[in-house]
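A.B. asks: here is the input, now give the coordinates:
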Amino acid sequence: MNRATVVVDPTHDAGRVWSLTITRPERRNAVDRATADALLEGAEAFERDERACVLVLRGGGETFCAGADLQEISKGNANRVALEGAAPLGVSRLRLSKPAIAAIEGHAVAGGLELALWCDLRVASTTARLGVLCRRFGVPLVDGGSVRLPRIVGHGRAMDLVLTGRLVDADEALAIGLVNRVVPTGEAFRSALDLGAELAAFPQRCLRSDRATVLDQWALSEADALRLETARGLEVLASGETLAGAEAFARGEGRHGTRR
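C.D. replies: Residues are numbered from 1 along each chain as shown. Now for the predicted structure:
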């Protein structure tokens, strides 16, 4: 793995929470081809590990990610862009079976915004600034931004951000649903790890099944989506996980919104 550009740490929460860190602060964590490859390799390693439950993606230093490395593109060293295979930024076509959380300090712009949108949840510090800044340079959204952004914030808000390329601060991002949590400066990573540990503590078969249905329902009619929800729910019920949870509830665990 290219540890010069990406650091993978599988040690958080006894291996149940992993972190994936882009480490190119001299380029504001912009992603060149080697970094894209390393991101994909790290995410695939997380997906394969049976102990791992949640992935936290962050940028080293004071920036989440400035997107594709335009300096490399200007030299003719562009990231791979093709209809099939890995995405230009490596991971954005990869469908994980487990949740990912973006820990955003500073700018998450252009492709960096697309990487944040690839994650299920986004924890941003008060310094966070998000936007389609690639609008200024004629760089298209090719890592899921034009698909995931409207699904997350709605068509009208997405169109505003995509067409104007304006920056959104942390408070506005929270208000429009672009981020899920806002925390003090410097605490995004720790807060994302804590959130990851919360998710990892839940019964995982049920959590992953419900997550998959939320993702898959977009392409289905309401009737087909409801059938899918029930089919997957039956699989969870048959696994015994629900029975174990019901027995724990009967013993008095986890009542009134408390954690087991």
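A.B. asks: quickly find the element holding the residue nearest to A78 when sequence neighbours are not counted.
C.D. replies: Using CB to CB, 6 or more residues apart in numbering and skipping the chain neighbours, the partner closest in space to A78 is E72 (7.2 Å). The way it works is simple: take the backbone N, C-alpha and C, and place the C-beta from them, glycine included. Per DSSP states H and E, E72 falls inside helix 70-74.
A.B. asks: counting contacts, what elements does the very next helix or strand once past that helix pack onto?
C.D. replies: Per DSSP H and E, helix 70-74 leads on to strand 100-104 as the next helix or strand towards the C-terminus. Contact here means 3 or more CB pairs under 8 Å, 6 or more residues apart in numbering; DSSP states H and E; on that basis strand 100-104 packs against strand 54-59, helix 111-118, strand 121-125, helix 188-200.
A.B. asks: what's the angle from strand 100-104 to helix 111-118?
C.D. replies: Angle between the axes of strand 100-104 and helix 111-118 is 140 degrees (criterion: axes from the mean of the first three to the mean of the last three CA atoms, to 10 degrees).
A.B. asks: dihedrals phi and psi, the residue nearest the centre of the chain?
C.D. replies: Residue closest to the mean C-alpha point of the chain, counted by CA atoms, centre = their mean, is C119 at 1.2 Å. Taking degrees, to the nearest 10, you get phi -70, psi 160 for the backbone angles of C119.
A.B. asks: could you do A52 as well?
C.D. replies: Backbone torsions of A52, given as degrees, to the nearest 10, read phi -70, psi 130.
A.B. asks: that one against W18, yeah?
C.D. replies: Yes: counting by CB atoms under 8 Å, A52 touches W18, with 5.3 Å between them.
A.B. asks: please say which of those two ends up with more neighbours.
C.D. replies: Using other CB atoms under 10 Å as the criterion, A52 and W18 rank with W18 on top: 28 against 19.
A.B. asks: between strand 54-59 and the helix or strand harbouring the more buried one, find me the angle.
C.D. replies: Remark: W18 resides in strand 17-22, with elements defined by DSSP H and E. Orientation check (the same axes, to 10 degrees): strand 17-22 against strand 54-59 gives 20 degrees.
A.B. asks: can you name the element that comes right after strand 17-22?
C.D. replies: Later in the chain than strand 17-22, the nearest helix or strand by DSSP H and E is helix 33-48.
A.B. asks: what sits up against that following helix?
C.D. replies: With CB atoms under 8 Å, 6 or more residues apart in numbering as the test, helix 33-48 has contacts from 1-6, 8, 10, 18, 20, 22, 24, 31, 52, 55, 69, 72, 77-80, 86-91, 94, 96-98, 100.
A.B. asks: do that again at 6 Å, thanks
C.D. replies: Applying CB atoms under 6 Å, 6 or more residues apart in numbering, the contact partners of helix 33-48 are 1-2, 5-6, 8, 18, 20, 52, 55, 79, 86, 89-91, 94, 96.
A.B. asks: farthest-separated two in these?
C.D. replies: A52 and N79 (26.4 Å; CB to CB).
A.B. asks: D143: how many residues sit nearby?
C.D. replies: Residues lying near D143 (other CB under 10 Å) number 29.
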